[in-house]
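Enquirer: below: sequence and its predicted model.
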Amino acid sequence: GSLLPNPTYTYSSAGSFSVQLVSVDTTYFSSYAAEGCGVMLPYQSPCQDIDTVNINITNIPCMSSSGFTYYPSGVPHEYYLSPYFPYNVTTANWNWGDGTSYTGPSIYTSHTYSASGFYNICLTVTTSCGTSTMTCINDYFAKGVEGDIVKVSVVQPTNALSVGEKPDNNGSVSIFPNPSKGLLFISMSNNSPIKNYDVYNALGEIVVKGTTFESLQTPELELDLSQLSEGIYFLNIHTETQQFRSKFVLEK
């Protein structure tokens, strides 16, 4: 389900589905309510209306998509891998880049690295119609003190992100220069005002947080991160309705 006023949803297979809209008026008052709600006393159950529509989904293309993104889970030394389109998959193969791999009917799994390092993670998927494709990413996955581990977990797109949140795989966020020596210029291509932002390091730890006063919110932001050490970082941008995530590099 979704609490957004104008949500979107991707069906993974054809068929007949029931779509339900629940409208709730949570305003409590002692006078006459809207037509159809009658008289409502204070603290009485709110007025509610439910509409159900049956739809028939046909002609869903059978295509293979192995694209995925990754980002810190919020727990230090743990990362999420999120497939862009994990549908119609009959066989998935994750090559973890450390000499081990996973193959199975489910695309969802997890893996633990014993050491920090650059790992070339590849996903190969085969669909129900026989098409196959592969995507790889190569990046540095870091652990903390000696004895820590680095873990990656594959999560569903709907669970990987908060409501309205999405990885910036469509150029919504522009970071310049990247790599940078510390001074970053961020702009939103959709002109959405930036409310606040978080910066994560490669360990998944928040190192910088910021909030913009409402009267000063614009689609552009200048950040001075020269106090941070060189390395790979992730920037979370929060607008009124969405969140976007981008990766950048600091070089000293």
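Expert: Received the coordinates, thanks. Numbering: from 1, shown residues only.

Enquirer: CA atoms for contacts and neighbours, from now on please.
Expert: Fine.

Enquirer: what about residue 95, distance to residue 217?
Expert: Counting by Cα to Cα, to the nearest Å, the separation of residue 95 from residue 217 is 43 Å.

Enquirer: actually residue 198, sorry about that
Expert: Residue 198 is 16 Å from residue 217, by Cα to Cα.

Enquirer: got it, and residue 127?
Expert: Applying Cα to Cα to residue 127 and residue 217 gives a distance of 45 Å.

Enquirer: between these two, tell me which one has more neighbours.
Expert: residue 127 (19 against 16; other Cα atoms under 10 Å).

Enquirer: can you read off the pLDDT for that one?
Expert: For residue 127, the pLDDT comes out at 88.

Enquirer: mean pLDDT per helix and strand in the protein: which one sits at the bottom?
Expert: The weakest-scoring helix or strand in the chain, judged by mean pLDDT, DSSP states H and E, is strand 165-167 (a mean of 42).

Enquirer: residue 186 contacts residue 220, correct?
Expert: Yes. Applying Cα atoms under 8 Å, one finds residue 186 in contact with residue 220, separated by 5.6 Å.

Enquirer: where does this protein dip in pLDDT?
Expert: 1-5, 9-14, 24-48, 59-63, 143-148, 158-171, 202-204, 213-216 (pLDDT under 70).

Enquirer: show me where it has helices.
Expert: 157-160 (DSSP state H).

Enquirer: return the set of residues that bridge with residue 79.
Expert: residue 72, residue 152 (DSSP bridges).

Enquirer: could you measure from it over to residue 154?
Expert: Residue 79 is 9 Å from residue 154, by Cα to Cα.

Enquirer: likewise residue 103?
Expert: Residue 103 is 13 Å from residue 154, by Cα to Cα.

Enquirer: one more: residue 134?
Expert: Counting by Cα to Cα, the gap from residue 134 to residue 154 is 16 Å.

Enquirer: the two - which one has more neighbours?
Expert: Just comparing residue 134 and residue 154: by other Cα under 10 Å the higher neighbour count belongs to residue 154, 20 against 16.

Enquirer: contact partners for the nearest residue to that one once chain neighbours are set aside?
Expert: Setting aside the residues directly before and after it, residue 154 is nearest to residue 81 in space (Cα to Cα, 6 or more residues apart in numbering), at 4.6 Å. Listed by Cα atoms under 8 Å, 6 or more residues apart in numbering, the contact partners of residue 81 are 68, 69, 70, 71, 152, 153, 154, 155.

Enquirer: backbone torsions only: list them for the last one.
Expert: Phi and psi for residue 155, reported as degrees, to the nearest 10, are phi -130, psi 160.

Enquirer: burial of it, as a residue count?
Expert: By other Cα under 10 Å, neighbour count at residue 155 equals 18.

Enquirer: my guess is it meets residue 82, correct?
Expert: Yes. Residue 155 lies in contact with residue 82 (Cα under 8 Å); the separation is 5.4 Å.

Enquirer: the closest residue to residue 54 other than its chain neighbours - how many residues pack around it?
Expert: Sequence neighbours aside, residue 18 is the residue nearest to residue 54 in space, at 4.4 Å (criterion: Cα to Cα, 6+ apart). The local packing of residue 18 (other Cα under 10 Å) involves 9 other residues.
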